[in-house]
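1. output the structure for:
(chains A, B, C and D)
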There are 2 protein chains.
Amino acid sequence: METSRKKPTIYDLAGLAGASPSAVSSVLNGTWQKRRISRSLAERVMRIAGEEGYAVNVQASLLRREKSNIVGMIIPKYDNRYFGRIAEEFETMARARGLFPVITCTRRDPELEFEAARELISYQAECLIATGATDPDRIASLCKSAGVQVINLDLPGALAPSVVSDNFTAAQQLTELILHKCDSDPGSGGALHFVGGRLSDHNTAMRLRGFLTAHESRGIAVPEHHILATGYSADRAASALERLGPAHPLGLFVNSTISLEGVIRWRSSLGAAQSRLRFGCFDWDPFGSFLPGNIGMVEQDVPRMLDRVFELMASRTLSSECQTVPCILRKFV
Amino acid sequence: METSRKKPTIYDLAGLAGASPSAVSSVLNGTWQKRRISRSLAERVMRIAGEEGYAVNVQASLLRREKSNIVGMIIPKYDNRYFGRIAEEFETMARARGLFPVITCTRRDPELEFEAARELISYQAECLIATGATDPDRIASLCKSAGVQVINLDLPGALAPSVVSDNFTAAQQLTELILHKCDSDPGSGGALHFVGGRLSDHNTAMRLRGFLTAHESRGIAVPEHHILATGYSADRAASALERLGPAHPLGLFVNSTISLEGVIRWRSSLGAAQSRLRFGCFDWDPFGSFLPGNIGMVEQDVPRMLDRVFELMASRTLSSECQTVPCILRKFV
DNA sequence: AGCAATTGCACAATCGATTGAGCAAAGCTC
DNA sequence: GAGCTTTGCTCAATCGATTGTGCAATTGCT
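-> Numbers count the residues shown, from 1 in each chain, chains lettered A, B, ... in the order given. Now for the predicted structure:
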């Protein structure tokens, strides 16, 4: 309490400089020339502000200003390579544009997502990037009714523009790569298993479509029980694979790096048989290429996706288009 | 511009409810009972607020309130497992305490760290967690002169309380583990190489001390050229190891997971000789345990460190103590 | 009926920064 | 010297929410 009394305000500086608060404000916000304050007064005020350790109270400033320059992002995870990279690149790009980024991690909790969006609106964020939101349209409705621009990233919604990876094409390519490799391993042909993700979310659905399409083009039917939609949990991925018993898969499409953690754990329990397993993973991890049996990974093009996001932000578009960004297929054979 | 004109204020709601702005404010900030507003008016105001999509203007609110409840954190990276985890856990713990977390990624750029700290102070953050700051004392000075509590995390400073891992002990233990393993590999005895990090930063210095102490206790002298302080760059770690030519190390202490990326890349260039390499890594990665040749990793105890941070925050201590949190040694043999 | 206590508000000032408008002083031109 | 223009400020209102204080109406008690 006491410490907040000690923070100097423009009134304190005005007294020390022998000027008005208005002049002090003009100097400190950089508009002194436009408002015809003399250079000598400007220099005096700036010196005193430095000596007094003055910091503008942004909350007061924002109450009066037209633009907050705050851009908000909700994001499911930080401790995942892809989302961590999104967060980092987003901040860098926002700052380069003179914006103040505020990111909130929502852990794939719909209520927390909604609450975080409300908070960002209360903080006068001008735009909100809903990244990997479980219910993008609920958040879009909230933002629209508050007059705040919203953009979906990673998972699309119907009520706002979206930027997503081309999950279908990349998954198809990765599947073909795995199928091709398994074909050249004696006794390893046939349908792969698909493990990880939620069928209810767009990205898993698109990746599964790509997976199935690649099989179809080779005349391979994928039995329903080859689809293990275990959500985003290493434990559940490992458990589902364990439950397959000795008739375990020799070829896997792993959906998400969190599922890959479970797959790798399970694989190490196979003993000598583990050397016959082939897999590919959608998404990418820097250590992934060095894991034995991994023949490819799909990396989402984060810089390019974010370029699209900032273009949409600048254009203030009202359309609900969905822009698809190609992924990068990294082959390790 | 136009959209911001449409946001309802308490004055709009007051008109619709047939009440005063003061009553509306009391209802919406939850103090209506204390301020003796009737339940019927409270319910009417809440209903109208919901219908109108009202969101409090936090800037206005903070201008009048005593406490902002904002806690800030600066952090070097998001796309690193350890820091990503810190960010995620910090947010969760802050929210559980009714605080509003604001995190900024500063990419180990001293000027950006200072600027981000200034910004957080301007936003009326009550406390700032300087995580892995390159110049913690500069940030502490800034915060103190602004009357803002500051706590160092991961790297200690002299002017504020700090919470750091016990880098020395864990590095010693990991080194002993690697040395022991190398001793039982024919022809692999002798001093390990230490790769990664900056000698100027506390954590690297402590880890190096632990590394050297473990060697000393076995009567092994570590030649100066075994210390490859390549900073936090996979490329530089790989290059430094390549420059050792055919007389490459058989035992490595890898400092940081970013260095490990370089080490793994380099290792794959060794051909058949790679199977003789033994290494351990300080820090931890979920895929690390499955990388051939990796015999152990040190994991920093993020939840425990953050518990300490929140204790310090709550105690408003003025001391500059440095609290050390033990690490977890994960063995893969 | 009169007085005291309680209920249920409204009023007005405040918070710190911004900005439109106005005015005095200085300088320039005829 | 008079009038106009420019310079260099200051004043006062505003932004939206909060909060101390005060007062009218109602209720309860004697």
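2. domain ranges for chain A?
-> Per automatic domain parsing, the structural domains of chain A span A:2-64, A:70-160, A:167-299.
3. tell me which of those sits most buried.
-> Burial of these is given as mean neighbour count (mean count of other Cβ atoms under 10 Å in any protein chain shown); domain A:70-160 ranks first at a mean of 22. Yep, even glycine has a C-beta here, placed from its N, CA and C like the rest.
4. nearest to B:Gly72, of the domains of chain A?
-> With distances scored as Cβ to Cβ, the stretch of the domains of chain A nearest to B:Gly72 is domain A:70-160 (10.7 Å).
5. a markdown table please, covering the domains of chain A and showing mean pLDDT and distance to DNA strand C.
-> Formatted as a markdown table, the entries for those read as follows, by pLDDT from 0 to 100; distance: least, Cβ to the nearest atom of the strand, whole Å:
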| stretch | mean pLDDT | distance to DNA strand C |
| --- | --- | --- |
| domain A:2-64 | 90 | 3 |
| domain A:70-160 | 95 | 13 |
| domain A:167-299 | 92 | 42 |
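6. elements contacting the host helix or strand of A:Leu16?
-> Secondary structure from DSSP states H and E places A:Leu16 in helix A:10-17. For helix A:10-17, the contact count by 3 or more Cβ pairs under 8 Å, 6 or more residues apart in numbering or on different chains; DSSP states H and E identifies helix A:21-28, helix A:39-52 as packing neighbours.
7. dump those to CSV, plus distance to DNA strand D.
-> Below are the helices and strands packed on helix A:10-17 laid out as CSV (distance: least, Cβ to the nearest atom of the strand, whole Å):
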stretch, distance to DNA strand D
helix A:21-28, 3
helix A:39-52, 4
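8. make TSV out of those helices and add distance to B:Ser259.
-> Shown next, in TSV, are the helices and strands packed on helix A:10-17 (distance: least, Cβ to Cβ, whole Å):
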stretch	distance to B:Ser259
helix A:21-28	44
helix A:39-52	40
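9. can you say which of these is nearest to A:Ala87?
-> Closest among the helices and strands packed on helix A:10-17, using Cβ to Cβ: helix A:21-28, at 31.1 Å.
10. the closest one - contacts with which helices or strands?
-> helix A:10-17, helix A:39-52.
11. nearest to B:Ile48, out of the ones you listed?
-> Among the helices and strands packed on helix A:21-28, helix A:10-17 comes nearest to B:Ile48, with 36.6 Å by Cβ to Cβ.
12. between that closest one and helix A:39-52, what angle do the directions make?
-> For helix A:10-17 against helix A:39-52, the angle by axes from the mean of the first three to the mean of the last three Cα atoms, to 10 degrees is 120 degrees.
13. contacts only, for A:Arg81.
-> By Cβ atoms under 8 Å, 6 or more residues apart in numbering or on different chains, the residues touching A:Arg81 are A:257, A:283-286, B:79.
14. which parts of the stretch 51-200 of chain A sit against DNA strand D?
-> Contact residues (Cβ under 7 Å from any atom of the strand) of the stretch 51-200 of chain A with DNA strand D: A:63-64.
15. distance of the residue nearest to A:Phe211 when sequence neighbours are not counted from A:Arg218?
-> Counting by Cβ to Cβ, 6 or more residues apart in numbering or on different chains, A:Phe211 lies nearest to A:Thr175, which is 4.8 Å off, once chain neighbours are set aside. From A:Thr175 across to A:Arg218, the span is 10 Å (Cβ to Cβ, to the nearest Å).
16. and A:Asp109, by the same measure?
-> Per Cβ to Cβ, A:Asp109 is found 40 Å from A:Arg218.
17. and A:Arg85, by the same measure?
-> Distance, A:Arg85 to A:Arg218, using Cβ to Cβ: 34 Å.
18. tell me where chain A has helices.
-> A:2-5, A:10-17, A:21-28, A:39-52, A:58-64, A:81-96, A:110-122, A:136-145, A:167-183, A:202-216, A:234-242, A:257-267, A:302-315 (DSSP state H).
19. now render those helices as TSV, adding distance to B:Leu142.
-> Putting the helices of chain A into TSV (distance: least, Cβ to Cβ, whole Å) gives the following:
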stretch	distance to B:Leu142
helix A:2-5	14
helix A:10-17	18
helix A:21-28	17
helix A:39-52	12
helix A:58-64	16
helix A:81-96	19
helix A:110-122	26
helix A:136-145	35
helix A:167-183	45
helix A:202-216	42
helix A:234-242	41
helix A:257-267	38
helix A:302-315	30
